[in-house]
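In: what follows is a predicted protein model with its sequence.
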Amino acid sequence: AQSVTQLGSHVSVSEGALVLLRCNYSSSVPPYLFWYVQYPNQGLQLLLKYTSAATLVKGINGFEAEFKKSETSFHLTKPSAHMSDAAEYFCAVTYTGANSKLTFGKGITLSVRP
Amino acid sequence: GAGVSQSPSNKVTEKGKDVELRCDPISGHTALYWYRQSLGQGLEFLIYFQGNSAPDKSGLPSDRFSAERTGGSVSTLTIQRTQQEDSAVYLCASSLDPGETQYFGPGTRLLVL
């Protein structure tokens, strides 16, 4: 069984500040991990993914995440927040199984203050 | 190229009616997934198709829910005798193969009155 924990439901940062969104996973087999972003009234857009290659993964819009097996974590960071980063962010896990269905965390809403 | 498309974008129905939601995956993608996004439950997996077969239906919440996929392409999710708790955004995703990146459509927002 696999699961994802995203602590907290809302994060607020100032424009230009560091963004850190936390994700911890549980998986009995080596996981594939994803971060998706959802803007209001839109579908999910892939930010980045970890699939057992480099542990530091760079994605779109300046985001990156580091896979830490010892901490079962895959936290999302961005050095400097932009107003356009305001959205909901979902961490998801799957594995190379029969269907690779995604298991999502509850999501975190990011607000960016001017 | 075209992404995943879904129709309708919004659907309002009365309790007890049947609804059909459509998903057009990215051309050539063999795997297709349906998820549901609701306030109380977050994002939940419903069903997975590989080609036209559905080897995993484990997420369908009741026998009122069914889905099919034809020609290895378009999929339809049908909800019979809708209930208010079915109100949610229904998202479709497709991937080239299972295990590859899933690309999501914009969703169908269903409201059951």
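Out: Sure, I can see it. Numbers count the residues shown, from 1 in each chain, chains lettered A, B, ... in the order given.

In: what's across from A:E88 in the sheet?
Out: Taking DSSP bridges as the rule, A:E88 bridges to A:Q38, A:T109.

In: what pLDDT does it get?
Out: In this model, A:E88 is scored at 95, pLDDT.

In: same thing with A:T55?
Out: pLDDT at A:T55 comes out at 88.

In: okay but it is in contact with A:S70, surely?
Out: No - the pair A:T55 and A:S70 fails to qualify as a contact (C-beta atoms under 8 Å) at a distance of 10.9 Å. Any C-beta I mention is one placed from the backbone N, CA and C, and that applies to glycine too.

In: from A:A17, how far out is the residue nearest the centre of chain A?
Out: Centroid-nearest residue in chain A: A:W35, 3.3 Å away (criterion: C-alpha atoms, centre = their mean). Distance, A:W35 to A:A17, by C-beta to C-beta, to the nearest Å: 19 Å.

In: repeat for B:K17
Out: Distance, B:K17 to A:A17, by C-beta to C-beta: 48 Å.

In: ok, A:S52 next?
Out: 32 Å.

In: in chain A, which spans are strands?
Out: A:2-5, A:10-14, A:19-21, A:24-27, A:32-38, A:44-50, A:56-58, A:64-68, A:73-78, A:87-94, A:103-104, A:108-113 (DSSP state E).

In: so what secondary structure elements neighbour the fifth one?
Out: What it means is strand A:32-38. Counting contacts by 3 or more C-beta pairs under 8 Å, 6 or more residues apart in numbering or on different chains; DSSP states H and E, strand A:32-38 packs against strand A:44-50, strand A:64-68, strand A:73-78, strand A:87-94.

In: quick check: angle from it to strand A:64-68?
Out: 150 degrees (axes from the mean of the first three to the mean of the last three C-alpha atoms, to 10 degrees).

In: and for strand A:32-38, what's in contact with it?
Out: A:21, A:23, A:25, A:44-52, A:59, A:63, A:65, A:67, A:74, A:76, A:87-96, A:100, A:102, A:107, B:99, B:101, B:104 (C-beta atoms under 8 Å, 6 or more residues apart in numbering or on different chains).

In: who in chain B is up against chain A?
Out: Residues of chain B lying close to chain A (C-beta under 8 Å from any C-beta of the partner chain) are B:4, B:31, B:33, B:35, B:42-45, B:48, B:50, B:55-56, B:59, B:91, B:93, B:95, B:98-107.
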